[in-house]
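J.: Need coordinates for the following:
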Amino acid sequence: MTFVGTAAGAAAEDGDGEAVRLTRYARGGGCACKIPPGELEAMVAGLAGAGAGELLVGVATGDDAAVVRLPGPGAGGTAVISTADFFTPVVDDAYDWGRIAAANALSDVYAMGGEPVLAVNLLAWPRGVLPAGLAREVLRGGLDVAAEACCPVGGGHSVDDAEPKYGMAVTGVADPKRLLRNDAGAPGLPLSLTKPLGIGVLNSRHKATGERFAQAVAAMVALNRDAARAAVAAGARCATDVTGFGLLGHLFKLARASGVTAVVDAAAVPYLDGAREAVRDGYVSGGTRRNLAWVAGHTDFGAADEATRLLLADAQTSGGLLVAGEVPGAPVVGELVPRGEHTVVIR
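T.: Down below sits the predicted model:
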């Protein structure tokens, strides 16, 4: 196997000169390889840690990151945000995969209304199968996105594994009084979505066919920094990011934690070009179908057809923010109302 540079990043070639496709080395891809939400909730139920500092956000509501308040200047102290996120290859290009994974990990800090201050790499690599130069390109992609976020990367941890995986553990800080939380929603607030859906089905098509979807890569590598800052500046206090559990899954968790019902205007939800065609052609991951099954008993789907339901449950990787409030430039896709018979309603 040889290692070669490409215009976008880097790739490896097998003995026949064919480019090695990273997605072929992973059973799943991106955030679609998460443990299903229902299984995960049962696994962590009742588990909580204790120690110094005041835990502001833990496992109880399934929020995007853990937050502890430490004493500091001013009456409120400092909120320290901690998160970790990693996954198998979601695209074949090593450099792009690194960028996507880093943006996705940083997103958890932004989803809490914070700013990242330090990241460390998490890398699993089949060193007897894929060349170290390819791993370097993954790490280079992560470093470039962290630099864009003005977040230093201070090393990390690596293991020899049969399946490649990459991501980051990220520490951030925030004002405790201005956190974005998934349990702070209230009736009457609009719901804004800062990135279009459809990343999951386009990635599934890419994995199956090798077609490259530049619009999906562009969406995934885009930081949620500006959207988070705009939401905090506008006074929002409730948000989450849309990743492996899909819009419906993350919205269900937000509405449940906040004690409200979330109403989605299906016609207002934006999608990436090619997303509906990918669903039509059957490029739907198992993770997306599990997401839909998980929320089905809590959702009034109204007249939404099967394709729309699947897209609303599509397992996103490095998706946008879902904010209870208006965010400049982002479409309003629904609203929060008093709790009714269903936790989520699609109209």
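J.: now the helices for the stretch 151-300 of the chain?
T.: 199-209, 214-221, 225-233, 246-258, 275-280, 286-296 (DSSP state H, counting those that start in this stretch).
J.: Among those helices, which comes closest to residue 167?
T.: helix 214-221 (13.2 Å; C-beta to C-beta). Using the backbone N, CA and C atoms, a C-beta is placed for each residue, glycine as well.
J.: Kindly export that closest one (C-alpha atoms) in CSV.
T.: Extracted C-alpha coordinates of helix 214-221, given in CSV (Å, rounded to 0.1, in the frame of the first residue of the first chain):
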residue,chain,number,x,y,z
ALA,A,214,-19.3,18.9,-1.5
GLN,A,215,-22.4,20.4,0.0
ALA,A,216,-22.5,17.9,2.8
VAL,A,217,-18.8,18.3,3.5
ALA,A,218,-19.2,22.1,3.6
ALA,A,219,-22.0,21.8,6.1
MET,A,220,-20.2,19.4,8.3
VAL,A,221,-16.9,21.3,8.6
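J.: Make 8 the starting number, not 1.
T.: In the new numbering, first residue 8, that becomes helix 221-228.
J.: which strands and helices sit next to it?
T.: Secondary-structure packing of helix 221-228 (3 or more C-beta pairs under 8 Å, 6 or more residues apart in numbering; DSSP states H and E): helix 101-118, helix 206-216.
J.: The shortest one - contacts with which helices or strands?
T.: The helices and strands touching helix 206-216, judged by 3+ C-beta pairs under 8 Å, 6+ apart, are helix 221-228, helix 282-287, helix 293-303.
J.: my guess is residue 30 contacts residue 99, does it?
T.: Yes: if you go by C-beta atoms under 8 Å, residue 30 and residue 99 touch, sitting 5.5 Å apart.
J.: Give me the common contacts of these two.
T.: Common neighbours of residue 30 and residue 99, using C-beta atoms under 8 Å, 6 or more residues apart in numbering, are residue 213.
J.: Distance check, residue 126 against residue 63.
T.: Distance check for residue 126 against residue 63: by C-beta to C-beta, to the nearest Å, it reads 21 Å.
J.: wait, what's in contact with residue 136?
T.: residue 32.
J.: Give me the domain ranges for this protein.
T.: Domain ranges of the chain: 9-184, 186-353, per automatic domain parsing.
J.: Check the average confidence over the shortest one, would you?
T.: Put plainly, it is domain 186-353. Rounded to a whole number, the mean pLDDT of domain 186-353 is 97.
J.: Report how many residues lie close to residue 134.
T.: 14 (other C-beta atoms under 10 Å).
J.: so it makes contact with residue 165?
T.: No: counting by C-beta under 8 Å, residue 134 stays clear of residue 165, with 9.2 Å between them.
J.: contacting residues for residue 325?
T.: Applying C-beta under 8 Å, 6+ apart, the residues near residue 325 are 37-38, 107-108, 110-111, 114, 206, 226-229, 250.
J.: looking at the domains of the chain, which is buried most?
T.: Of those, the one with the most neighbours on average (mean count of other C-beta atoms under 10 Å) is domain 186-353, at a mean of 21.
J.: Span of it from start to end?
T.: 28 Å (C-alpha to C-alpha, to the nearest Å).
J.: Also stretch 325-341?
T.: OK, stretch 325-341 end separation, C-alpha to C-alpha: 21 Å.
J.: before we move on, what about stretch 191-202?
T.: Using C-alpha to C-alpha, first and last residues of stretch 191-202 are 21 Å apart.
J.: where's the spatially most central residue of the chain relative to residue 298, distance?
T.: By C-alpha atoms, centre = their mean, the mean C-alpha position of the chain lies nearest to residue 250, the distance being 3.2 Å. As for residue 250, its distance to residue 298 is 11 Å (criterion: C-beta to C-beta).
J.: if I look at the two, which residues touch both of them?
T.: Contacts common to residue 250 and residue 298, judged by C-beta under 8 Å, 6+ apart, are residue 322.
J.: Columns distance to residue 89 on top of the helices of the stretch 158-307 of the chain, output as a markdown table?
T.: Formatted as a markdown table, the helices of the stretch 158-307 of the chain follow (distance: least, C-beta to C-beta, whole Å):
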| stretch | distance to residue 89 |
| --- | --- |
| helix 206-216 | 25 |
| helix 221-228 | 23 |
| helix 232-240 | 17 |
| helix 253-265 | 19 |
| helix 282-287 | 33 |
| helix 293-303 | 25 |
